[in-house]
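Q: sequence isn't available, so here's the structure alone:
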């Protein structure tokens, strides 16, 4: 079974600084997708960024980028120029085609003004 | 932008009562999911549904749980006899079928918070 591990239960960063959230996963599949979801206090699950495993280029979405290391099964999220609105729980997630989405345990990100 | 809609947003019920949580997935989506999140914990998969039948379920999804798509638009989760430990946020999600560029991105509803007393 696929597993997703987030080893940082909590992280904090100064406003305007950069922070990196870690995620590792375990799979025997070659075709899969990786995601970072943001869950603010409203508890809505919001997609931040996704990465297709077959793509070597790291995905970016404005201030959010990933470092995808397929051989190491690592998928970290970098948030640049952190803003107060970035404060939330961040979940790393894995999905292979036709399968369920599997979440990590989450990292709570605090932004220090 | 199309949304997944869930009702109710919050329900309080007595232990042993039946609860139905409702979801309206995005109209052209074909795969549907229920997840739950106990407060402060990870998001756990309950069940997936495709072509009017369950395609996968977790060990959490026991005989007390059922899902159905009664009218082609709503997707419901029923808990027959609620327990205290069923208190959680329940999320519905949907996904397009194959061949769609967004095929592998689950869109989540805002969640239904269930409190069992």
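A: Looks like it came in fine. In this text, all values refer to a predicted model and were calculated from it rather than measured experimentally. Residues are numbered from 1 along each chain as shown, chains lettered A, B, ... in the order given.
Q: let's check: the centremost residue of chain A is which one?
A: residue A:36 (3.4 Å; CA atoms, centre = their mean).
Q: low-scoring stretches of chain B, by residue?
A: Along chain B, the parts satisfying pLDDT under 70 run over B:98-103.
Q: near chain A, which residues of it show up?
A: Residues of chain B found near chain A (CB under 8 Å from any CB of the partner chain) are B:33, B:35, B:37, B:41-45, B:48, B:56, B:89, B:91, B:93, B:104-108, B:110-111, B:113. Heads up, the C-betas are built off the backbone N, CA and C, glycines and all.
Q: among those, name the buried ones.
A: Among those, the ones that count as buried by 16 or more other CB atoms under 10 Å in any protein chain shown are B:33, B:35, B:37, B:42-45, B:48, B:89, B:91, B:93, B:104-108, B:110-111, B:113.
Q: strands - which of these land there?
A: With strands taken from DSSP state E, the overlap with those comprises B:33, B:35, B:37, B:43-45, B:48, B:89, B:91, B:93, B:107-108, B:113.
Q: now the residue nearest to the centre of chain A, nearest residue through space, not along the chain?
A: Once flanking residues are discounted, residue A:36 sits nearest to residue A:48: 4.4 Å by CB to CB, 6 or more residues apart in numbering or on different chains.
Q: tell me which element that neighbour is part of?
A: Secondary structure assignment for residue A:48, by DSSP states H and E: strand A:46-52.
Q: contacting residues around residue 6?
A: Just going to use chain A. Neighbouring residues of residue A:6 by CB atoms under 8 Å, 6 or more residues apart in numbering or on different chains: A:21, A:22, A:23, A:91, A:92, A:104, A:105, A:106, A:107.
Q: wrong chain, I was asking about chain B
A: Counting by CB under 8 Å, 6+ apart, residue B:6 touches B:21, B:22, B:23, B:24, B:90, B:91, B:92, B:109, B:110, B:111, B:112.
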